Structures are given as C-alpha cells and as structure tokens.
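Visitor: Structure here, sequence nowhere to be found:
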C-alpha cells in the first residue's frame, strides 16, 4: 500500500520535471520570437520565475530527504524539445505558442493546487507555502495570457495579411 508521503514526494518530483519542461518550452519560444516584444518580455519574466520555482522545489525535496527524478526531468526536456521543434513548422507559430503556453499554465495550476493540499495533508507547512507561492505565479501568468491572447491574435492576423514573413514569429 502506498503511503501519502510517497505520493507527495512523487508529485514533487513530477512538479520539478514539469518546471524543467516549462524552462525548455519557454526558452524555445523566446529564442524564436522576433516581432512580438510584449509576449517575449512576459515569457522572459516567467522563465526567470521558472528558474526560481525549480530551486524552491529542489529545496523542498532536499529538506524531505528526496531528490528530483533524473528520468522525469530528462523526459520533460525531451517533450519540450519536440514541442518547440513542431512549432517551427506552422505558419501561425506565435498563436500556437500562446495557446500551448496557456494550456501548460493551467496544468501547472492544477498541479500546484494538488501539491499544496498534499503538503497540508502531510503537515509540511514549508512545502505548502512554497506551492502556494508558485501557484500564485502560475495563476498570474495564465491570467496575463488570457488577457493578452486576443491582442496577440489580432496582431498576428494583421501581420499575416500585411507582412506574412513577420507574422509567425
């Protein structure tokens, strides 16, 4: 029978791998964006938050006598690489990147909601605090995207009609 702490540690490892994936995805989009400075700046800001989140999660794992999962971290990076490469072959890359980033943020929101509850159930106040802090960052990023996706869409549509070579990225 699996103990609650075992699930909790496994979910913390999943979250660390998820942030590894997020880092690669964000960096891939940032590297390719040329004509959408507002989106690029926001993604860069969130990438910096992501680096901090990775460190916070590693600190939680260390404090609990556990470590990140190398297999999960590598798998997340490989998946992110595939997502980045696949985006290179679509004409509406920036719109797809905005949409996939928003979807990924929603997954992170669900993950940190669950992790905060699991930390509370395990009496781990510090990890609960960390997960709630990261949760707030993920909600803020999702909210920013939700508010700015229409503007991004309009910019893309306008550029695709007037200057197609500048529209995608």
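Guide: Nice, I can see it. Just so it is clear, the model here is predicted, and its values are computed rather than measured. Numbers count the residues shown, from 1 in each chain.
Visitor: what comes into contact with stretch 133-144?
Guide: With contacts defined as C-beta atoms under 8 Å, 6 or more residues apart in numbering, stretch 133-144 is touched by 42, 46, 49, 53, 56-57, 102, 105-106, 108-109, 112-113, 116. Quick note: C-beta positions are derived from backbone N, CA and C, even for glycine.
Visitor: Let me know the distance separating residue 150 from residue 3.
Guide: As for residue 150, its distance to residue 3 is 46 Å (criterion: C-beta to C-beta, to the nearest Å).
Visitor: Please apply the same query to residue 19.
Guide: The spacing between residue 19 and residue 3, counted by C-beta to C-beta, is 25 Å.
Visitor: between those two, which one's more packed in?
Guide: The residue with more neighbours, out of residue 19 and residue 3 and counting by other C-beta atoms under 10 Å, is residue 19; that gives 26 against 9.
Visitor: helix or strand for that one, which one?
Guide: Take DSSP states H and E as the rule and residue 19 turns out to sit in helix 4-32.
Visitor: List the buried residues of that helix.
Guide: Residues 8-9, 11-30, 32 are the ones in helix 4-32 that count as buried (16 or more other C-beta atoms under 10 Å).
Visitor: Stretch 115-131 too?
Guide: Applying a neighbour-count criterion of 16+ other C-beta under 10 Å, one finds 115-116, 118-119, 122, 124, 127-128, 130-131 buried in stretch 115-131.
Visitor: So which of those residues are in strands?
Guide: For those, not one is inside strands, with DSSP state E as the criterion.
Visitor: Mind putting those into TSV with distance to residue 95?
Guide: Compiled in TSV, the buried residues of stretch 115-131 are given as follows (distance: C-beta to C-beta, whole Å):
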residue	distance to residue 95
115	31
116	32
118	35
119	36
122	41
124	40
127	36
128	37
130	33
131	31
